[in-house]
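Novice: Predicted model, plus sequence, below.
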Amino acid sequence: MTKNLKSKTDPEIIQRFQDLIKERNLNQIELAKELGFSRTYLSSILTGRSDFSGAFIRSLYEKKWPVNFIMTGELETEDAMKWKERALKAEEKLKLLEFHIERLENLVKK
């Protein structure tokens, strides 16, 4: 059973995120730079003054941070991660295929 997400400023979420930052031996300046956000914004998240934005969560995911664990406290299995990666790759391939189909259709019209 999955836990319902509460506010992203939930103290448990913030604590899990802070613990992971400590485990990775990062300070706020280093983490902010890695994720592409200001240290001020990161600090406001860590103190509960700001919510995690969609862009911030996406950046965490792209940098291989365990977003599901941060938000829910539940660990993702390796299989779940592989399926996510496969889904993203399939989506990219579909977009490329659609692009080439459109190009071919335009060539046929000429």
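Specialist: That came in fine, so what should we check first? In this text the structure is predicted, and so the values were computed from the model without any measurement.
Novice: number of nearby residues for Arg39?
Specialist: Arg39 has 14 neighbours, counted by other CB atoms under 10 Å. Every C-beta, even on glycine, is put in place using the N, C-alpha and C of the backbone.
Novice: show me what contacts the closest residue in space to it that isn't next to it in sequence?
Specialist: Distances taken as CB to CB, 6 or more residues apart in numbering put Ala32 closest to Arg39, at 4.3 Å, once the chain neighbours are dropped. Counting by CB atoms under 8 Å, 6 or more residues apart in numbering, Ala32 touches Ser38, Arg39, Tyr41, Leu42.
Novice: With pLDDT and distance to Tyr61 added, can I get those residues in JSON lines?
Specialist: Compiled in JSON lines, the contacts of Ala32 are given as follows (pLDDT from 0 to 100; distance: CB to CB, whole Å):
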{"residue": "Ser38", "pLDDT": "96", "distance to Tyr61": "19"}
{"residue": "Arg39", "pLDDT": "96", "distance to Tyr61": "21"}
{"residue": "Tyr41", "pLDDT": "94", "distance to Tyr61": "17"}
{"residue": "Leu42", "pLDDT": "95", "distance to Tyr61": "16"}
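Novice: Report the buried members of those residues.
Specialist: Among those, those scoring as buried are Leu42 (criterion: 16 or more other CB atoms under 10 Å).
Novice: roughly how far is the one helix or strand Leu107 maps to from the heart of the chain?
Specialist: Assigned by DSSP states H and E, Leu107 belongs to helix 78-109. How far helix 78-109 lies from its chain's middle: 21 Å, per CA atoms, centre = their mean, to the nearest Å.
Novice: now stretch 100-110
Specialist: 36 Å.
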